[in-house]
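1. need a 3D model of the sequence below.
(one chain, ligands or ions: 1)
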Amino acid sequence: MAPKLQNLINGQWVDPTGGGDKPLLNPADGTTVLAQFIESSPADVDRAVAAAVAAFPAWRDMPVIRRCRILFHCKQLLEQRSGQIAECMVRENGKTLAEAEGEVRRGIEVVEFAAGMPSMAKGDFIENIATRVDGYIYREPLGVVAGACPFNFPAMIPMWMFPVAIACGNTFILKPSDKCPMTGALVAGIMHEGGVPDGVLSVVHGGGDVVQQLITHPQVEAISFVGSTPVAEIVWRSAAAAGKRVQALGGAKNYIVVMPDADIEETAAAVIGSTYGCAGERCMASSVLVPVAGGDEIVDRVIALAKSLQLGDGLVGDTGMGPVITAEHKRRVESYIQIGVDEGATLRLDGRRAQVEGLPHGFFVGPTVFDHVTPSMRIAQEEIFGPVLSVMRAASLDEAITFANATPFGNGNSIFTASGGAARKFRNEIECGMIGINAGVPAPMAFFSFGGHKRSIFGDLRVHGPDGIEFYTRKKAVIERWPDTGPTGSVWGK
Ligand code: NAD
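-> Down below sits the predicted model:
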């Protein structure tokens, strides 16, 4: 019998009580039950919030340098146990071990960033704004904040949120993805073992109902959300209606523009990494390739490399691409391939009916390439979130930028070129939040902030980096006036 997945509330692992049990399957074999997933009940969520409320005053009042020492210790523990975290992630998510290890590293980098909070959360002071009057601004934490996460980066995305939130002095309730909840819970447990006090970081499992309860709970001050665009918009609207601070990052449709002067080998390798890495389940995945003026050479090279990708279990050494997350998601991706065929695009590589030896029930979709895709096709506009590449041929850089800007999303787009002028024009005219210049996955590091434009984000602030600190704190402005002499005869003199 697979273990029940537990909530972490007030430092204790406890069974959720909401029912709705479902087995969490290993997507590589489609049959191994990794854990039993149980929803949290409203009472469970209330208990987590109550513990976070109770923990807040002492955590807020702990000197920031001591909070950061705890984070340093957690960072060491996370590094020691990074292999365990990565393996857990491969089992529940399906990505390859190398991808999982890279993800853990990127998550730990946010802990490193947050551990520098004393110098980043400083306020501002100005003396003598008027006679004997000083003015200053400082930041304070919000209180209890919550975060809801998607399935595709089950360690890194929780770690985009809670290290910054707790370093700022908040207490945090994590709602991991219901499709991939084990890794986030494991990471939170390691943080607790590393010295994060009871109630400062809690985990409640569940789906949309739990997120909605957290949003509307009167003692939750803010919500960080990452997921698909329709849900991000719902979360943003619910939070606004509840008068809550919210950042909600949504989906994507990312374009890679390839100029005729680009290095073919480097570009093709980057397109493969960006399109098929994590089986295309990345909000930064390139899903449209736009060669400018020709493009046969780059498209042929990408197809050749895609054919050589080895599908398999991410824990097996030579696996180049793992399965997608669920049987339902596999059907969804395959239905998009059929949509592309029906729309009249040329299917040059078909990933349907992919077979992997020894894993007949795994949720695999092979690398897929459509050519001669046109801007109005759904496969050019909609997020597929699988290993499917659409090739749209453009006559000029202007046309390529017009194609990319026509999507409702604005997460990350890239250009490959040897021309600084072309790169500069692209950077200026492309409508998105993250730009790659000869880089296929332009994800900002922890000390910058991550987030897109248009329907890839709802709310004003991005995650981690300076925006993260802005999001998890509010400012107080103080005007201070004191007499500059003591009472007559006091030790002040005169
Ligand atoms: P999803 O939107 O299905 O789920 C995300 C979270 O929303 C989960 O925790 C889920 O339980 C919760 N949820 C579901 N219904 C809800 C509701 N009605 N109200 C509140 N919360 C609800 O996304 P997913 O399939 O897990 O993840 C893939 C999506 O996430 C893709 O669209 C991808 O582009 C996006 N994503 C975006 C970024 C980014 O930084 N912009 C990063 C990673 C993933």
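2. show me what the helix or strand encompassing residue 129 is packed up against.
-> Element membership for residue 129 (DSSP states H and E) is strand 124-130. Counting contacts by 3 or more CB pairs under 8 Å, 6 or more residues apart in numbering; DSSP states H and E, strand 124-130 packs against strand 133-141. Quick note: C-beta positions are derived from backbone N, CA and C, even for glycine.
3. can you mark which positions in stretch 398-411 are buried?
-> 399-401, 403-404, 407, 409-411 (16 or more other CB atoms under 10 Å).
4. kindly format the C-alpha coordinates of that stretch as CSV.
-> C-alpha atoms of stretch 398-411 as CSV (Å, rounded to 0.1, in the frame of the first residue of the first chain):
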residue,chain,number,x,y,z
ASP,A,398,9.8,42.4,-39.0
GLU,A,399,7.5,39.6,-40.0
ALA,A,400,9.0,37.2,-37.4
ILE,A,401,8.4,39.8,-34.7
THR,A,402,4.9,40.4,-35.9
PHE,A,403,4.2,36.6,-35.7
ALA,A,404,5.5,36.4,-32.1
ASN,A,405,3.7,39.5,-30.9
ALA,A,406,0.4,38.2,-32.3
THR,A,407,0.0,35.6,-29.5
PRO,A,408,-1.9,36.6,-26.3
PHE,A,409,1.1,35.4,-24.2
GLY,A,410,4.3,37.3,-23.5
ASN,A,411,6.6,35.1,-21.4
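5. what does it contact?
-> Residues outside stretch 398-411 that contact it (CB atoms under 8 Å, 6 or more residues apart in numbering): 229, 250-255, 257, 283-284, 288, 290, 292, 375, 380-381, 383, 392, 394, 413, 425-426, 429-434, 452-457.
6. residues of this protein that sit close to the ligand?
-> 148-153, 175, 177-179, 207-208, 211-212, 226-228, 231, 234-235, 249-252, 283, 383, 385, 411, 452, 456 (CB under 6 Å from any ligand atom).
7. buried subset of these?
-> Counted by 16+ other CB under 10 Å, the residues of the chain next to the ligand give 148-153, 175, 177-179, 207, 211-212, 226-227, 231, 234-235, 249-252, 283, 383, 385, 411, 452, 456 as buried.
8. which residues in the stretch 201-350 of the chain form helices?
-> 208-216, 229-241, 264-276, 296-307, 327-343 (DSSP state H, counting those that start in this stretch).
9. the stretch 1-150 of the chain too?
-> 42-61, 64-80, 82-93, 97-114, 117-120.
10. quick one: which of the ones you listed is nearest residue 359?
-> Checking those against residue 359 by CB to CB gives helix 82-93 as the closest, at 13.4 Å.
11. show me what that closest one packs onto, helices and strands only.
-> helix 97-114, helix 182-193.
12. give me the secondary structure label for the spatially most central residue of the chain.
-> Centroid check for the chain by CA atoms, centre = their mean gives residue 157 as the closest residue, at 3.9 Å. Secondary structure, DSSP: H, G, I helix; E, B strand; the rest coil: residue 157 is helix.
13. looks like it contacts residue 225 (just checking).
-> No - checked against CB atoms under 8 Å, the pair residue 157 and residue 225 is beyond contact range at 10.1 Å.
14. one step back: the contacts of stretch 398-411, buried ones only, as a ChimeraX selection?
-> Filtering the contacts of stretch 398-411 down to the buried ones (16+ other CB under 10 Å) takes a single ChimeraX command:
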select :229,250,251,252,253,254,255,257,283,284,288,290,292,380,381,383,392,394,413,425,426,430,432,433,434,452,454,455,456,457
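15. for the ligand, what's its nearest residue on the stretch 1-150 of the chain.
-> residue 150 (3.0 Å; CB to the nearest ligand atom).
16. residue 138: neighbouring residues, count only.
-> 14 (other CB atoms under 10 Å).
17. show me what contacts the spatially closest residue to it that is not a sequence neighbour?
-> Nearest non-adjacent residue to residue 138, counting by CB to CB, 6 or more residues apart in numbering: residue 123, 3.5 Å away. For residue 123, the contact set (CB under 8 Å, 6+ apart) comprises 136-139, 475.
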